[in-house]
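A.B. asks: sequence first, then the predicted structure:
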Amino acid sequence: MSGEYPEFRLGSVLATSFTATLTERQGDSVERIPTPQRLADWLTVSGLAVDSCAPAQLERARELRESIHAAATATANGDPVPASARQVINDCSMQGRAAAILTEDGRRKWRLNSVEDALSVIAGDAIDILAGERDGRLALCASPTCRAAFFDTSQSRTRRWCEMNTCGNRQKKARFIANQRKNRNSERGQVKGSSSR
Ligand SMILES: [Zn+2]
């Protein structure tokens, strides 16, 4: 949508798609909704389009995002959800006046009048997965610089990365390079004086 800002990382689960608007939380973090307009863009591509977004609403959205991340991390670790995070999620859920609408062609559409309405839908989605209302398991990405919370709906519940084509591939590549280096070193040990570089 806009070349000057980081692209979105969209997943199939609304709440963790939302927490993925801040990535590499344990490394050089990337803010993917740096401006109110980018939050509005994210809401649009997530089926929650609103007319406008003010700076204070972006602040509130980020507060909800970090609360969902904290709650999901605690749940994935088997710890109780921090009271402050629960409070923000519940407040956002209650403050919105979103309505689900069934369209003529049999799809669900949200009727929203404000960012607060959109946040209430996201908070509601977070409550569903935190409370175990949906089939799946909350887990944390195995990448040490990422540690994003994701919702694992795989049959075996053994998914390790938030996304295969980012964290998963990076890990694979790192392993491949490490193996190559190891092979090269052992080759060097066998054929003295030869260099592969
Ligand atoms: Zn990850």
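C.D. replies: In hand now; what should we look at?

A.B. asks: switch to C-alpha atoms for all contacts and neighbour counts from now on
C.D. replies: OK.

A.B. asks: am I right that Leu138 sits in a strand?
C.D. replies: Yes. Assigned with DSSP: H, G, I helix; E, B strand; the rest coil, Leu138 falls within a strand.

A.B. asks: list the residues that contact it.
C.D. replies: Leu138 sits next to 72, 75-76, 129-130, 149-152 when contact means CA atoms under 8 Å, 6 or more residues apart in numbering.

A.B. asks: go through the helix or strand containing Thr75 and flag the buried ones.
C.D. replies: Taking DSSP states H and E as the definition, one finds Thr75 inside helix 55-76. Going by neighbour count (16 or more other CA atoms under 10 Å), the buried part of helix 55-76 is 57-58, 60-76.

A.B. asks: restrict the worst-scoring helix or strand of the chain on mean pLDDT to CA atoms and write it as PDB.
C.D. replies: Using mean pLDDT, DSSP states H and E, helix 169-190 stands out as the lowest-scoring helix or strand of the chain, at a mean of 78. Presented in PDB, the C-alpha positions along helix 169-190 are these (Å, rounded to 0.1, in the frame of the first residue of the first chain):
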ATOM      1  CA  ASN A 169      13.100 -19.700   6.700                       C
ATOM      2  CA  ARG A 170      15.600 -17.500   8.500                       C
ATOM      3  CA  GLN A 171      16.200 -20.300  11.000                       C
ATOM      4  CA  LYS A 172      16.600 -22.900   8.200                       C
ATOM      5  CA  LYS A 173      19.000 -20.700   6.300                       C
ATOM      6  CA  ALA A 174      21.100 -20.100   9.500                       C
ATOM      7  CA  ARG A 175      21.300 -23.800  10.000                       C
ATOM      8  CA  PHE A 176      22.200 -24.400   6.300                       C
ATOM      9  CA  ILE A 177      25.000 -21.800   6.500                       C
ATOM     10  CA  ALA A 178      26.300 -23.300   9.700                       C
ATOM     11  CA  ASN A 179      26.300 -26.800   8.100                       C
ATOM     12  CA  GLN A 180      28.100 -25.500   5.100                       C
ATOM     13  CA  ARG A 181      30.800 -23.900   7.200                       C
ATOM     14  CA  LYS A 182      31.200 -27.100   9.100                       C
ATOM     15  CA  ASN A 183      31.600 -29.100   5.900                       C
ATOM     16  CA  ARG A 184      34.000 -26.600   4.500                       C
ATOM     17  CA  ASN A 185      36.100 -26.700   7.600                       C
ATOM     18  CA  SER A 186      36.300 -30.500   7.500                       C
ATOM     19  CA  GLU A 187      37.100 -30.400   3.800                       C
ATOM     20  CA  ARG A 188      40.000 -28.000   4.600                       C
ATOM     21  CA  GLY A 189      41.200 -30.400   7.200                       C
ATOM     22  CA  GLN A 190      41.300 -33.200   4.500                       C
END
